[in-house]
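[1] below are the sequence and a predicted model for it; my questions follow.
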Amino acid sequence: MTIREALTLAESRGLDLVEVSPNAKPPVCRVMDFGKFQYERQRRERKARKQQKTIEIKEIQLRPKTDDHHLSFKVRDARKWIEKGMKVKVRVRFRGRERDYPDIARERMEGIAAELKDVAVVEQTPSMEGNNMLMILAPLTDKK
């Protein structure tokens, strides 16, 4: 129908004429209450944002020379966080000549992953980034 007919139809019903697809041949329009449409769209978006699950990432920082006693506290904290559903980033910082021995940190990280294998899976394997070696642990998804 013509634009004039569509406008009179919309006015007679007390609604708005909204262009839905302007690039189509001919352009597609719709007769609707535009204010109500906008309100419902905002409600849907708000509900979708509420239902999104945000995953928090906690971090434990170590050095290659961190002793086993201190490491056990860090692993215990990491276990608590993973059981709560958070991801854990394990960072080993190198200073000076420690950078020449990344295998020490890699072994330490593999030990941490082995201790937490009942509750976590390695999401990102240990890798060097500057003066740091990083590994990310994520909670297991299939708990039975």
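    Yep, it's here.
[2] switch to C-alpha atoms for all contacts and neighbour counts from now on
    Noted.
[3] can you tell me what sits against the helix or strand where Lys36 lies?
    Using DSSP states H and E, the element containing Lys36 is helix 34-51. By C-alpha atoms under 8 Å, 6 or more residues apart in numbering, the surrounding residues in contact with helix 34-51 are Leu15, Asp16, Val18.
[4] go again using 7 Å as the cut-off
    Applying C-alpha atoms under 7 Å, 6 or more residues apart in numbering, the external contacts of helix 34-51 come out as Asp16.
[5] after that helix, next one along is what?
    strand 57-62.
[6] check the offset of the helix holding Lys36 from the chain's centre.
    22 Å (C-alpha atoms, centre = their mean, to the nearest Å).
[7] for the remainder of this discussion, apply numbering that starts at 39.
    Right, with 39 as the first residue, what we last looked at is helix 72-89.
[8] need the CA coordinates for it. PDB is fine.
    The C-alpha trace of helix 72-89 is given here as PDB (Å, rounded to 0.1, in the frame of the first residue of the first chain):
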ATOM      1  CA  PHE A  72       6.500   2.200  19.100                       C
ATOM      2  CA  GLY A  73       6.800   3.200  22.700                       C
ATOM      3  CA  LYS A  74       5.600  -0.200  23.900                       C
ATOM      4  CA  PHE A  75       8.000  -1.900  21.500                       C
ATOM      5  CA  GLN A  76      11.000   0.000  22.800                       C
ATOM      6  CA  TYR A  77       9.900  -0.700  26.400                       C
ATOM      7  CA  GLU A  78       9.600  -4.400  25.800                       C
ATOM      8  CA  ARG A  79      13.000  -4.500  24.000                       C
ATOM      9  CA  GLN A  80      14.700  -2.800  26.900                       C
ATOM     10  CA  ARG A  81      13.100  -5.300  29.300                       C
ATOM     11  CA  ARG A  82      14.300  -8.200  27.300                       C
ATOM     12  CA  GLU A  83      17.900  -6.800  27.200                       C
ATOM     13  CA  ARG A  84      17.800  -6.100  31.000                       C
ATOM     14  CA  LYS A  85      16.700  -9.600  31.700                       C
ATOM     15  CA  ALA A  86      19.400 -11.100  29.400                       C
ATOM     16  CA  ARG A  87      22.000  -9.000  31.300                       C
ATOM     17  CA  LYS A  88      20.800 -10.300  34.600                       C
ATOM     18  CA  GLN A  89      21.000 -13.900  33.500                       C
END
